[in-house]
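# sequence-free structure coming up:
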């Protein structure tokens with residue numbers, strides 16, 4: 001999957017990298033990344049990263065996978 005490098009960055013030690021990866025995944029909009037974003041949300045580490053991940057989920061717009 002083309003998004004694999006970005007998904008891996010969701011676990012980076014730098015919060016800024018995690019945020020940018022989440023934002024990029026949201027822009028790409030592939031619904032198959034929703035489970036990884038939800039997992040990253042549990043370990044976001046800061047409120048700004050949480051916001052970026054939640055916004056990515058909103059941009060992907062797949063309520064069935066998000067529930």
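Everything's here; your move. Bear in mind that the values here come from a model prediction, so they are computed numbers and not experimental data.

# which strands and helices sit next to the host helix or strand of residue 23?
Assigned by DSSP states H and E, residue 23 belongs to helix 15-28. Other elements packing on helix 15-28 under the criterion 3 or more CB pairs under 8 Å, 6 or more residues apart in numbering; DSSP states H and E are helix 4-9, helix 34-42, helix 47-60. From N, CA and C alone the C-beta is placed, and that goes for glycine too.

# roughly how far out does the shortest one sit from the chain middle?
Between the centre of helix 4-9 and the centre of its host chain there is 9 Å, according to CA atoms, centre = their mean, to the nearest Å.

# now what about that helix, what contacts it?
Contact partners of helix 4-9, identified using CB atoms under 8 Å, 6 or more residues apart in numbering, comprise 1, 17-18, 20-21, 24-25, 28, 33, 36.

# Once you drop chain neighbours, what's closest to residue 30?
residue 3 (5.7 Å; CB to CB, 6 or more residues apart in numbering).
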